[in-house]
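J.: need a structure here:
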Amino acid sequence: MADAALRLTTLAEDLLGAPLPVRLRAWDGSEAGPAGAPVLIVRHRRALRRMLWKPGELGLARAWVAGDIDVEGDLYEVLDRLAGLLWERGEETRSALEAVRDPKLRAAAAALLKLAGPYPPPAPPAEEMRRRTGSRHSKRRDKQAISHHYDVGNDFYALVLGPSMVYSCAYWTDGGTLEDAQRDKLDLIARKLNLKEGDRLLDVGCGWGSMAIHAAREYGARVVGITLSREQAAFARKRIAEEGLTDRIEIRVQDYRDVKDGPYDAISSIGMAEHVGEVRYREYADILHALLKPGGRLLNHQIARRPEPHEEAYEVDVFIDAYVFPDGELAPMGRTLTTLEDAGFEVRDVEAIREHYALTLRRWVANLEADWGRAVRLTSPGRARIWRLYMAASAVSFERNRIGVNQFLAVKTPESGISDVPLRSRVWNEKAQGT
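T.: Prediction:
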């Protein structure tokens, strides 16, 4: 009798203490769960072995990357339904997983073992990062982490990001394209930095050179862009040569801790601070402050997490750490602001653009899905699945206010107190529609 789906559904609902919000289809063709709901497919019983040997998120992640589990229907709806259940019950679920003496958990493990079969666990997918050398956020280890994420092929990133080649939150207006929104984001940053002809700009974590090109071409800035990815640097230099801007832009493969040629008039750091790590963040802020001239400006564009009730309990997301951004860490917005102030900056503006990132991620996912076969050929089936899941899940996280993204405009204000920031740096809608 084909009943694996029913047995799995019953087991999941017993552990969660709530109905499973998706339909489940098992490897034996059986189905269980609410009719009409999106379907979570368990393609092979080895998915259960992965989850038995690595209970929690890592086991699920390995099963997804390997293709042992999949989704039929709207991926966002599946993630939204499961995320709501797991986030609301996250602490309870983690404590149950750790309580190995709990009779309910032991019974569940025995039931899963019968379904999974008496076999050893499959090897982790090849895309998982396991070998890390050096202490956390040392220069050597940071370079490894950056290479793992960014050196997966410029053509793959071009497919996902589109012509703008900007890998950070866009800035949306009604009816605009992804390219329009990314251009508007770069221009917003340039205007916040008050870039002028001849200004020296340091772009920390310059990616494929888009901010450097925009600042040089549209504002006449002289730009130094730094990255730890050799593939990014090669791509950026080629773009810069094609734009005829080699006399205005220098791209270096360099750690931010090794930049010694200040002062700069302005610094942009767009989506880079997430890689710095809590143990290095004050050092990072101190270095950027020292590299600016008096009156110089920093635009720090950074993803933030919600504060934890007990901050010491914060843990890096297991899936993200193993497959996407190794050693990446998110800080609450307030901690970033305090660190910038402790380093000597005057923070003049903080703009929260959380919803903009959800829109951006959905466009990237659409690009990936529209050319899925080529994405797989350019990387691997596992890598394409990683990017699809992490971007879609991140979109849901932004939409649900689990994470946000903020632009901090900070000034190295001189002793005179003259910041050179306009009295009204932003213009708000004077009256909401319909009021």
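J.: going forward, measure contacts and count neighbours with C-alpha atoms only.
T.: Fine.
J.: the bottom helix or strand of the chain by mean pLDDT?
T.: Confidence across the helices and strands of the chain bottoms out at helix 90-98, with a mean of 44, counting by mean pLDDT, DSSP states H and E.
J.: burial check on residue 139, number of neighbours?
T.: Other residues within reach of residue 139, judged by other C-alpha atoms under 10 Å, total 17.
J.: pLDDT wise, what is it at?
T.: The score at residue 139 is 78. That number is its pLDDT.
J.: likewise for residue 151?
T.: We have a pLDDT of 69 for residue 151.
J.: strands of the stretch 101-250 of the chain, start to end?
T.: Across the stretch 101-250 of the chain, reading from the start of the chain, the strands by DSSP state E, counting those that start in this stretch fall at 200-204, 222-227, 249-253.
J.: quick one: which of these is nearest residue 113?
T.: Taking C-alpha to C-alpha, strand 222-227 is the member of the strands of the stretch 101-250 of the chain nearest to residue 113, at 46.6 Å.
J.: note down every partner strand of that closest one and its orientation.
T.: Strand 222-227 has the following sheet partners, assigned by DSSP bridges: strand 200-204 (parallel), strand 249-253 (parallel).
J.: which pLDDT value goes with the closest residue to residue 59 other than its chain neighbours?
T.: Computed as C-alpha to C-alpha, 6 or more residues apart in numbering, the closest residue to residue 59 that is not its neighbour in sequence is residue 51, at 4.3 Å. pLDDT for residue 51: 84.
J.: quick check: residue 164 touching residue 185?
T.: No: with contact defined as C-alpha atoms under 8 Å, residue 164 does not count as touching residue 185 (11.0 Å).
J.: need the contact partners of stretch 275-285.
T.: For stretch 275-285, the surrounding residues in contact (C-alpha atoms under 8 Å, 6 or more residues apart in numbering) are 137, 142, 256-257, 273, 325, 327-331, 339-340, 343.
J.: can you redo the strands of the stretch 101-250 of the chain as a markdown table with mean pLDDT, distance to residue 288 and mean neighbour count?
T.: Supplementary listing: the strands of the stretch 101-250 of the chain in a markdown table, determined by pLDDT from 0 to 100; distance: least, C-alpha to C-alpha, whole Å; neighbours: other C-alpha atoms under 10 Å:
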| stretch | mean pLDDT | distance to residue 288 | mean neighbour count |
| --- | --- | --- | --- |
| strand 200-204 | 98 | 9 | 26 |
| strand 222-227 | 98 | 13 | 24 |
| strand 249-253 | 98 | 17 | 21 |
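J.: so which of these gets nearest residue 4?
T.: strand 222-227 (49.1 Å).
J.: my guess is the residue nearest to residue 59 meets residue 60, correct?
T.: Yes: proximity of residue 51 to residue 60 meets the contact threshold set by C-alpha under 8 Å, at 6.1 Å.
J.: give me the helices and strands touching the host helix or strand of residue 49, please.
T.: In the assignment (DSSP states H and E), residue 49 maps to helix 46-53. Taking 3 or more C-alpha pairs under 8 Å, 6 or more residues apart in numbering; DSSP states H and E as contact, the helices and strands that helix 46-53 lies on are helix 57-66, helix 103-116.
J.: number of nearby residues for residue 317?
T.: 16.
J.: I misspoke; the intended subject was residue 28.
T.: If you count neighbours by other C-alpha under 10 Å, residue 28 ends up with 15.
J.: swap in the one 5 residues further on?
T.: Using other C-alpha under 10 Å, residue 33 has 20 neighbouring residues.
J.: any idea what the residue nearest to it when sequence neighbours are not counted is bridged to?
T.: Counting by C-alpha to C-alpha, 6+ apart, the nearest residue to residue 33 once its immediate chain neighbours are dropped is residue 23, at 4.3 Å. In this entry, residue 23 is beta-bridged to residue 39, by DSSP bridges.
J.: oh, and call the first residue 451 from now on, that's how I've got it
T.: I'll keep to 451 as the first residue from here, and by that count the last item is residue 473.
J.: so how far is residue 835 from residue 473?
T.: Relative to residue 835, residue 473 is positioned 21 Å away (criterion: C-alpha to C-alpha, to the nearest Å).
J.: please apply the same query to residue 614.
T.: The separation that residue 614 has from residue 835, given C-alpha to C-alpha, amounts to 23 Å.
J.: got it, and residue 753?
T.: Note on residue 753: its distance to residue 835, by C-alpha to C-alpha, is 23 Å.
J.: neighbour-wise, which of the two wins?
T.: residue 753 (27 against 19).
J.: helix or strand right after the longest helix seen in the chain?
T.: Taking DSSP state H as the criterion, the chain has its longest helix at helix 831-849. Scanning the chain past helix 831-849 towards its C-terminal end, the next helix or strand to appear is strand 853-861 (assignment: DSSP H and E).
J.: adding distance to residue 493, write the strands of the stretch 551-700 of the chain out as a markdown table.
T.: Listed next are the strands of the stretch 551-700 of the chain as a markdown table, based on distance: least, C-alpha to C-alpha, whole Å:
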| stretch | distance to residue 493 |
| --- | --- |
| strand 650-654 | 43 |
| strand 672-677 | 40 |
| strand 699-703 | 43 |
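J.: output stretch 718-737 in CSV with nothing but the alpha carbons.
T.: Backbone C-alpha positions of stretch 718-737 (Å, rounded to 0.1, in the frame of the first residue of the first chain) are rendered in CSV as follows:
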residue,chain,number,x,y,z
SER,A,718,30.2,53.8,-1.0
SER,A,719,29.8,50.4,0.6
ILE,A,720,26.8,48.7,-1.1
GLY,A,721,25.9,45.3,0.2
MET,A,722,29.4,44.6,1.5
ALA,A,723,29.1,45.2,5.2
GLU,A,724,27.2,41.9,5.6
HIS,A,725,30.4,40.1,4.9
VAL,A,726,32.5,41.9,7.5
GLY,A,727,31.2,40.1,10.6
GLU,A,728,30.5,41.4,14.1
VAL,A,729,34.0,40.8,15.4
ARG,A,730,35.3,43.1,12.6
TYR,A,731,32.6,45.7,12.3
ARG,A,732,34.0,48.4,14.5
GLU,A,733,37.4,48.0,12.8
TYR,A,734,35.6,48.3,9.4
ALA,A,735,33.9,51.5,10.5
ASP,A,736,37.2,52.9,11.9
ILE,A,737,39.1,52.2,8.7
